[in-house]
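> please find the sequence and the predicted model below.
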Number of protein chains: 2
Amino acid sequence: MSADRGPERQQQERRERGLVLGAMHFYPGGEHATSWRLPGAQPERYLDVDYYADFARTAERGGFATIFLADELYVWDRFASGVEHVVNVRTEPFTLLGALSQLTERIGLAATVSTTYHEPYHVARKLASLDFLSQGRAAWNLVTSAADEEARNFGAGTHLAHADRYRRAGEFVQVVRGLWDSWDDDAFTYDKGSGFFARAEKLHVLGHHGEFFDVRGPLNIARPPQGHPVLFQAGASPAGRALAAANADAVFTPWEHDLGAAQRLYADYAARTSAAGRDPRELLVLPALSPVLGRTPAEAVEKLELIESLTPDRVALDLLSHHLEVDLSDRPLDEPFTHDFSGGTNQVQSLYATVQELVGEGRRTLRDVYRTLLRRRFLPGTPAQVADHMQERFTRGAADGFMLAFSSLPEGIEEFVDTVVPELRRRGVYRGEYRGETLRENLGLDVPSSRWTQVSA
Amino acid sequence: MSADRGPERQQQERRERGLVLGAMHFYPGGEHATSWRLPGAQPERYLDVDYYADFARTAERGGFATIFLADELYVWDRFASGVEHVVNVRTEPFTLLGALSQLTERIGLAATVSTTYHEPYHVARKLASLDFLSQGRAAWNLVTSAADEEARNFGAGTHLAHADRYRRAGEFVQVVRGLWDSWDDDAFTYDKGSGFFARAEKLHVLGHHGEFFDVRGPLNIARPPQGHPVLFQAGASPAGRALAAANADAVFTPWEHDLGAAQRLYADYAARTSAAGRDPRELLVLPALSPVLGRTPAEAVEKLELIESLTPDRVALDLLSHHLEVDLSDRPLDEPFTHDFSGGTNQVQSLYATVQELVGEGRRTLRDVYRTLLRRRFLPGTPAQVADHMQERFTRGAADGFMLAFSSLPEGIEEFVDTVVPELRRRGVYRGEYRGETLRENLGLDVPSSRWTQVSA
């Protein structure tokens, strides 16, 4: 963005853009490991392109800026309960987004990319290709992989140390962006008469030699329609926040129950982005939000209780065992629980910290820790209550929008679009329609200049 | 295929299936580095999904079993002429095939996979996903990468030695196929009542530890609709032929001008397939064929001369320099040419052997070598002449079908479907319609059993 925009102009732009909404899923049935058991779930459709097309088209009907398909590179078979009760099959997201690019018109198409187990040349090509196929709607959510199960599918015994995987991620982004700048926008002349397809002086060799990657380039595809496809990031540890502040276009943050905590997190990202030499408005802060809608507050709470009741004890225990990297299966569920957290974790640090906070000084039972962990992720309420919450977070400096992770699919997104979206539009905090052609335009973000182009004032 | 089919039954099945046709391109404008200069070429559409959808739909209209998108992982910038005159931009083929899976109905969707610079876990997922998206139409053409430019995009200085890359390719296929067998077909119960999504005893850990790969598995997607997506292979060196004989469902062979040579090549594949313990009918032999169609023989030859005339001398020389790994740019084009072939090559061995044969004892000029190399790849003729050729090769044991690499696109495939296809159908050697739902069915190939399933008699 140009440097001459003052804070007032920025606030005005933000109001004009309104809330930015995305629709995601990690599990195809919704935001819990056993959401596939809910009455409206359609587990037999989880490898069916129409299931995902329905999801994307519903999000598009609601004017969402983007869908986002979370991803992992393994079967969670650390415990038998994972194989038996949890959805472990998923479509490779970029192949799927290629298909969805032809089944949607306006919505952004985002998926997870592990920077730990991919090569930047492949990723740069794939994203540039998706950006052409979708005419400027491609995005990626950069993650670092943190499960030993993934390492073992790629020739390693254990996953990379936390600090190493974030350094690798930072270098990965630089290489991918450098590759996208290989060809100037006016490199191609297609001149049949002279025989010049392209001009050699408008092709640039990256020549990257770094700690993790040696990549010469150039990339064998033109600069994408968006310049650089949109970069999302979701790491919540200090290293993750720093990576987002330096590089990302939007960050998916954990949802904070408490408004003050959400405001502090928002301010922290703004400060880090400024410290990284960027305008804080260049990084959208989008908390994850999992609404559980009911016609009455009581009905919403009942739905949440149903989700909880459909989780076998064994799955709950094994999920906690996974986060803590110990086997809790012989521990009684209903006695106070303690754990030694002094060793830390090399898995997801922010999740570990949340569990540590819940376990606290050992006054909760295992069942209580697990239930609280589950319930904390969801916001039960009526459409008006959920809209209240979103409006407050947006107007009081705690969110630029939300990444919606519905508790049950497909019905969760259909209900939301039919009930909460009209409410938000009535209140004037959400446009619910597309302003531009590309995802960048719909997010209010400029097209980045090529590193080889003189930046104009 | 079951073991009780005798040779007569096999011949009958082959006649009933008729010619198997595929439509490929390496360069999006057609089968020559400068085909984009031809009058009907549309170079400004080469990153446009509709361009490829038109290609696939025309092939589908002609009843082709498959399209095939060839691929490379670099910009050919070894010489400036490559950047300036040759098409160096292409869409990442699997993202594109994801899109095309929704824009086509019946045709197979195949693309090149380099086993040198990919990880088998990613490739197994991508192909399984494409097989689900297309309802059983996915295929891959396994290649080993042979250009130093590619190595330098993936952290290496030079490409792997020929023997190493073929050993890696063989192991790659075993790992990918093993991953596809991770889940039994009846593993998924989706039982909301009991909470069992899948049965743990129907999930298999691959646990592969080999020379090039350590891959534990399991794969996080169900067994594909085709069991194993169709495997094509095109290596023509002895190592390439051995790999195809042991593993492939179809092999793309170089086109031989001479019928006897084509019959010998066909017989060689049959013998190698038998020696590998397989029924020779399990490996379809599909020579590459590049027809140049004219209403009269003279018009076809004129078209071929036009292709030749649109190749700048500099490009011709640089292509030969590339194959021979020397810089020929200061050599006179019109004086007899010699080269010391004693060192061999670590690039494409079959192509090197062809150049060696052409250069022979040094009586040809450089220009003559290049032109002969170019002309050898094309079959100019009327639709009836081209049909004659195809019919003869099919009925006289030299081909099961053809991988058509049109000299100019899009017009080459349109002309072929409009003129040669009806001619072949009239003659009863080509059905021109789909017999089955999946690519395997349309190729007359059985679904492979899982390695974990007892094979029934």
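Here it is on my side, so go on.

> tell me the residues of the stretch 151-300 of chain A that contact chain B?
By Cβ under 8 Å from any Cβ of the partner chain, the residues of the stretch 151-300 of chain A that approach chain B are A:152-156, A:182-183, A:188, A:190, A:192, A:195-200, A:203, A:205, A:213-222. To be clear about C-beta, it is placed using only N, CA and C from the backbone, and glycine gets the same treatment.

> please pick the buried ones from those.
A:152-155, A:182-183, A:188, A:190, A:192, A:195-199, A:203, A:213-222 (16 or more other Cβ atoms under 10 Å in any protein chain shown).

> tell me which of these fall in strands.
A:188, A:190, A:196-198, A:214-215 (DSSP state E).

> what is the mean pLDDT for stretch A:337-346?
Here stretch A:337-346 scores 86 as its mean pLDDT.

> show me where chain A has strands.
A:20-25, A:66-69, A:108-114, A:138-143, A:188-191, A:196-198, A:208-209, A:214-215, A:230-233, A:250-253, A:284-289, A:291-293, A:379-381, A:401-405.

> pull the CA atoms of stretch A:434-444 into CSV?
Extracted as CSV, the C-alpha positions of stretch A:434-444 are listed here (Å, rounded to 0.1, in the frame of the first residue of the first chain):
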residue,chain,number,x,y,z
TYR,A,434,-17.6,-9.0,-4.2
ARG,A,435,-15.9,-5.7,-4.9
GLY,A,436,-13.3,-6.9,-7.2
GLU,A,437,-12.2,-9.7,-9.5
THR,A,438,-9.3,-11.2,-7.6
LEU,A,439,-8.9,-12.3,-4.0
ARG,A,440,-6.4,-9.5,-3.4
GLU,A,441,-9.0,-7.0,-4.6
ASN,A,442,-11.6,-8.5,-2.3
LEU,A,443,-9.3,-8.3,0.6
GLY,A,444,-8.4,-4.7,-0.2
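
> do that stretch and chain B meet?
No: against chain B, stretch A:434-444 shows no contacts by Cβ under 8 Å from any Cβ, the least distance being 15.2 Å.

> rounded mean pLDDT for that stretch, please.
96.

> pull out the buried residues from it.
So for stretch A:434-444, counting by 16+ other Cβ under 10 Å, buried means A:434, A:438-444.

> give the contact list for the closest residue to chain B within chain A.
Distances between chain A and chain B by Cβ to the nearest Cβ are smallest at residue A:98, namely 2.5 Å. Taking Cβ atoms under 8 Å, 6 or more residues apart in numbering or on different chains, we find residue A:98 in contact with A:129-130, A:133, B:94-99, B:101.

> swap in residue A:133?
A:98, A:101-102, B:49, B:91, B:95-96, B:99.

> how about it: what's its closest non-neighbour residue?
residue A:101 (4.4 Å; Cβ to Cβ, 6 or more residues apart in numbering or on different chains).

> give me the number of residues near the one you found?
Neighbour count of residue A:101, defined by other Cβ atoms under 10 Å in any protein chain shown: 27.

> let me know the pLDDT of it.
So residue A:101 comes in at 98 (pLDDT).

> export the lowest-mean-pLDDT helix or strand in chain A to CSV, keeping only CA atoms.
Using mean pLDDT, DSSP states H and E, helix A:7-17 stands out as the lowest-scoring helix or strand of chain A, at a mean of 81. What follows is helix A:7-17, C-alpha atoms only, in CSV (Å, rounded to 0.1, in the frame of the first residue of the first chain):
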residue,chain,number,x,y,z
PRO,A,7,-4.7,6.4,10.1
GLU,A,8,-8.1,8.1,9.4
ARG,A,9,-8.0,7.1,5.8
GLN,A,10,-7.1,3.6,6.9
GLN,A,11,-10.0,3.4,9.3
GLN,A,12,-12.3,4.6,6.6
GLU,A,13,-11.0,2.0,4.1
ARG,A,14,-11.5,-0.7,6.8
ARG,A,15,-15.1,0.4,7.4
GLU,A,16,-15.8,0.4,3.7
ARG,A,17,-14.4,-3.0,3.2
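
> pull out the buried positions in that helix.
Neighbour-count burial for helix A:7-17 flags A:14, A:17 (criterion: 16+ other Cβ under 10 Å).

> dump the ones in strands among the buried ones among the residues of the stretch 151-300 of chain A next to chain B to TSV, plus pLDDT.
Putting those into TSV (pLDDT from 0 to 100) gives the following:
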residue	pLDDT
A:188	98
A:190	96
A:196	97
A:197	97
A:198	97
A:214	97
A:215	97
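
> list the contacts of the residue nearest to residue A:217 when sequence neighbours are not counted.
The shortest distance from residue A:217 to any non-neighbouring residue, by Cβ to Cβ, 6+ apart, is to residue A:206 (3.5 Å). Neighbouring residues of residue A:206 by Cβ under 8 Å, 6+ apart: A:175, A:178-179, A:181-182, A:215-218.

> which of the residues in stretch A:41-49 are buried?
So, applying 16+ other Cβ under 10 Å, buried residues of stretch A:41-49: A:41-43, A:45-49.

> actually stretch A:385-393, not the one I typed
A:385-387, A:389-391, A:393.

> which of these fall in helices?
Here DSSP state H is the test, and the buried residues of stretch A:385-393 give A:385-387, A:389-391, A:393 as lying in helices.

> near chain B, which residues of the stretch 301-450 of chain A? Just list them.
So the stretch 301-450 of chain A meets chain B at A:310, A:312 (Cβ under 8 Å from any Cβ).

> 10 Å - rerun?
A:310-312, A:314-315 (Cβ under 10 Å from any Cβ of the partner chain).

> make JSON lines from these and add neighbour count to it.
Below are those laid out as JSON lines (neighbours: other Cβ atoms under 10 Å in any protein chain shown):
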{"residue": "A:310", "neighbour count": "20"}
{"residue": "A:311", "neighbour count": "21"}
{"residue": "A:312", "neighbour count": "19"}
{"residue": "A:314", "neighbour count": "16"}
{"residue": "A:315", "neighbour count": "21"}
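
> what's the most distant pair in the residues you listed?
A:310 and A:314 (12.8 Å; Cβ to Cβ).

> and the buried residues of stretch A:41-49, which two are furthest apart?
Longest span within these, Cβ to Cβ: A:41 and A:49, 17.8 Å.
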